[in-house]
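Undergrad: All I have is the shape, not the residue letters:
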C-alpha cells in the first residue's frame, strides 16, 4: 500500500469514532493477533469500530481504495480469516453490548461479544441459547457458521435461534434481515458465514436454561478408549434432547502428556432425570476420574476453555459420520497414540435432537442428519514442531477418510480447507441458492476472507 493510498484511506475515515491502528502504533500488535497463533499477518490499517456508523465508514473506505477487507468478531476462527495481509482489518471486538429482554426471552448482541459474556448477562434471567463448547468463542462467527454447542439437541443450532440481524452490505448500506424483510439474506446468514456483509447486531430467541444444569467429565485410561467409544455409540442411540454428550481422546490437563478417553456430558433437564440418564455413563467401566454434578450453565460452557488458550498454534480437520463403525473407532485410537502434541484431541460430537429436525433447506447450514461430527484439534506451542503436528493431522484424516462424508462444518475448517470444491461440500445442496444471494448483496466479492462463495463460480 503506497503512502498516498494510505493517506486516502485515513482521509476517508475522517470522523471515525473508534481507534485506528497502523503498523508501529501502540496497540497495533495486540489488535492484529487472533486466537490461532499460526496466523501472523500485518494489515495496513486496523479500524477498531465502536458502532455501526464506524463499520459503514470502514467498509466504504476500504472498498473505494481497493483494500482487501478482513472482519474480526471474536477472532476465534481457526482459519484466521479475521486478519489480512496489507489490507483493512475491520475490528468489531470493542462492540460488546448485550441487552436481554426477559419478558420476550430475546437478546440483542453486538458482534464483539463472546459466549462467556452473553451467558453472564443471560443467566441473570435464567436464559441461554446454543453457544460454542468453548466460551471464548465469538458469538458472531459461531452464529454465521451455523453454531454447534451443548444445547443443540434441545434448542437447535445457534443459527436456528437467530431472529434478526443488522447488516452492513458491501455497498455500505445498513439493512435488517429477518423473516419479514431481506428474507433471502436472513436465510443466508444462518450458516453461510461472513460472505454477505458485516453483522453489527444479532437478535436471538433465548430459552429457559439453568441457572443450574448437570454436567462434567468422565475420564478413562487410554486402554479403555475403544470400549468407551463403543459404549458411546450405543449410549447415544437413544438419548433425550436434554442430554448432550461428547466423546474425546484427550490429554490430561496437568501437562503430563497422559492420554485419556473421556465423555463430557451436559444435561439441562431436572436433576432427577439427569441422574437416571447419566447413570449408564457413570457406571460404565472403571473411570480414572468422574466429576459430574450440578453446576451453573456458564461453568459448563467454560469446561473446555483451558484446552484452547489464545496464541496456541492450531490446525484442525473435521468431517461428518453417519454412523460410528468399529473401523473408525480403532483407527482414531491408533492414530491418537502416535500424536506428537500433549494438547491435541480427537472429538466426536453427537448430532441429534432439535438440530436434526430442521429441514436442510430451511437455513443455509445444511448439516441436519443424525450422526457424529469428527473433529481433530491439533494444538501445540513450539513452532519448531509445526510440520510434525500438521503432518500427523493430515495423516489421521487420510486414515479416517474412507468412512467420512464429504461435507464439513465451516467453523472447523482450517486455512487450507478453502477452495471452490471444499466450499461446495461445506454448503452442500444450499450452495446454489447461497451463490445467488451472494451475487445480490456482494457481487464483487468484497467479503471474500471466509469460506468463500465466489461470485465468478
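TA: Alright, I've got the coordinates. Bear in mind the structure is a predicted one, so any value in this text is a computation, not a measurement.
Undergrad: element containing the residue nearest to residue 332 when sequence neighbours are not counted?
TA: The spatially closest residue to residue 332, leaving aside those adjacent along the chain, is residue 346, at 5.4 Å (C-beta to C-beta, 6 or more residues apart in numbering). Heads up, the C-betas are built off the backbone N, CA and C, glycines and all. Using DSSP states H and E, residue 346 sits within strand 345-351.
Undergrad: Tell me which strands the helix or strand just after that strand pairs with, and in which orientation.
TA: Per DSSP H and E, the first helix or strand lying C-terminal to strand 345-351 is strand 371-380. Strand pairing for strand 371-380, determined by DSSP bridges: strand 313-321 (antiparallel), strand 345-351 (antiparallel).
Undergrad: who touches the shortest one?
TA: Meaning strand 345-351. With contact meaning C-beta atoms under 8 Å, 6 or more residues apart in numbering, strand 345-351 is reached by 133, 148, 152-153, 229, 232, 236, 239, 244-251, 307, 320-321, 324, 332, 335-336, 367, 369-377, 379, 396.
Undergrad: For the residue positioned nearest the centre of the chain, what are phi and psi?
TA: In the chain, the C-alpha nearest the mean C-alpha coordinate belongs to residue 142, at 3.9 Å (C-alpha atoms, centre = their mean). Main-chain torsions, residue 142, degrees, to the nearest 10: phi -60, psi -50.
Undergrad: Contacts only, for it.
TA: Here residue 142 is in contact with 74, 115, 131-132, 149, 158, 411 (C-beta under 8 Å, 6+ apart).
Undergrad: Quick check: which ranges of this structure have low pLDDT?
TA: 1-7, 418-419, 457 (pLDDT under 70).
Undergrad: Please, where are all the helices along it?
TA: Applying DSSP state H to the chain gives helices spanning 3-12, 28-32, 52-65, 115-122, 139-145, 152-155, 183-189, 225-235, 271-283, 297-301, 326-337, 386-400, 420-427, 431-441.
Undergrad: Max pairwise distance over the contacts of residue 142: which two?
TA: 74 and 149 (14.0 Å; C-beta to C-beta).
Undergrad: Quick check: the residue nearest to residue 332 vs residue 217, distance?
TA: Separation of residue 346 from residue 217 (C-beta to C-beta, to the nearest Å): 16 Å.
Undergrad: When these two are compared, which one has more neighbours?
TA: Neighbour tally, residue 346 and residue 217, criterion other C-beta atoms under 10 Å: the higher count belongs to residue 346, 24 against 20.
Undergrad: Report the beta-bridge partners for that one.
TA: Under the criterion used (DSSP bridges), residue 346 bridges to residue 249, residue 376.
Undergrad: how does this protein divide into domains?
TA: Here the domain assignment for the chain is 3-91, 98-209+431-441, 213-416, based on automatic domain parsing.
Undergrad: what's the most buried one of the ones you listed?
TA: Of all the domains of the chain, domain 98-209+431-441 carries the top mean neighbour count, a mean of 22, counting by mean count of other C-beta atoms under 10 Å.
Undergrad: Quick check: end-to-end length of that domain?
TA: 27 Å (C-alpha to C-alpha, to the nearest Å).
Undergrad: Surely residue 213 and residue 265 touch.
TA: No. Counting by C-beta atoms under 8 Å, residue 213 sits too far from residue 265 to count as a contact (10.0 Å).
Undergrad: Roughly how far does residue 329 sit from residue 112?
TA: 40 Å.
Undergrad: Give the closest residue to residue 450 in space, chain neighbours not counted.
TA: residue 194 (4.2 Å).
Undergrad: check contacts around that neighbour.
TA: By C-beta under 8 Å, 6+ apart, the contact set of residue 194 is 71, 81, 141, 144, 447, 449-450.
Undergrad: next one: residue 189
TA: Residues counted as contacts of residue 189 (C-beta under 8 Å, 6+ apart) are 143-144, 159, 162, 165, 167, 177, 196, 199, 364.
Undergrad: closest one to residue 454 among the domains of the chain?
TA: Of all the domains of the chain, domain 98-209+431-441 comes closest under C-beta to C-beta, at 8.2 Å.
Undergrad: Please compute how far the closest one lies from its chain's middle.
TA: Taking C-alpha atoms, centre = their mean, to the nearest Å, the mean C-alpha location of domain 98-209+431-441 is offset from the chain mean by 12 Å.
Undergrad: Also stretch 386-404?
TA: Relative to its parent chain, stretch 386-404 has a centroid offset of 21 Å by C-alpha atoms, centre = their mean.
Undergrad: ok, now stretch 447-457?
TA: 19 Å.
Undergrad: Check what contacts that stretch and list those residues.
TA: In this structure, residues lying in contact with stretch 447-457 by C-beta under 8 Å, 6+ apart are 68-71, 79, 81, 84, 170, 192-198, 410, 413, 417-418, 420, 422-423, 426-427, 431, 434-435, 438-439, 442-445.
Undergrad: Please give me every residue in contact with residue 249.
TA: 222, 225, 259-261, 332-333, 336, 345-347.
Undergrad: show me the contacts for the nearest residue in space to residue 75 that is not next to it in sequence.
TA: The shortest distance from residue 75 to any non-neighbouring residue, by C-beta to C-beta, 6+ apart, is to residue 34 (4.1 Å). Neighbouring residues of residue 34 by C-beta under 8 Å, 6+ apart: 72, 75-77, 80, 82-83.
Undergrad: Now with 6 Å, please.
TA: Counting by C-beta atoms under 6 Å, 6 or more residues apart in numbering, residue 34 touches 75, 80, 82-83.
Undergrad: closest to residue 269 among those?
TA: Nearest to residue 269 among these, with distances taken as C-beta to C-beta, is residue 75, at 34.4 Å.
Undergrad: looking at it, that closest one is touching residue 82, isn't it?
TA: Yes. Residue 75 lies in contact with residue 82 (C-beta atoms under 6 Å); the separation is 4.8 Å.
Undergrad: Just give the nearest non-adjacent residue to residue 101, would you?
TA: Using C-beta to C-beta, 6+ apart, the nearest residue to residue 101 is residue 107, at 7.2 Å.
Undergrad: so that neighbour bridges to which residues?
TA: Under DSSP bridges, the beta-bridge partners of residue 107 are residue 100, residue 204.
Undergrad: Hmm, it is touching residue 203, no?
TA: No. Taking contacts as C-beta under 6 Å, residue 107 lies outside contact range of residue 203: 7.2 Å.
Undergrad: Report the spatially closest residue to residue 72, excluding sequence-adjacent ones.
TA: That would be residue 82: by C-beta to C-beta, 6+ apart, it lies 3.8 Å from residue 72.
Undergrad: who touches the one you found in this structure?
TA: 34, 70, 72, 75.
Undergrad: Pipe these into TSV and attach distance to residue 48 per row.
TA: Below are those laid out as TSV (distance: C-beta to C-beta, whole Å):
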residue	distance to residue 48
34	14
70	13
72	9
75	12
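Undergrad: between these, which is nearest residue 389?
TA: Relative to residue 389, the closest of the contacts of residue 82 is residue 34; by C-beta to C-beta it sits at 18.5 Å.
Undergrad: May I see the helices of the chain organised as TSV, with distance to residue 18 added?
TA: Below are the helices of the chain laid out as TSV (distance: least, C-beta to C-beta, whole Å):
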stretch	distance to residue 18
helix 3-12	13
helix 28-32	11
helix 52-65	5
helix 115-122	19
helix 139-145	17
helix 152-155	34
helix 183-189	24
helix 225-235	47
helix 271-283	45
helix 297-301	29
helix 326-337	44
helix 386-400	34
helix 420-427	32
helix 431-441	24
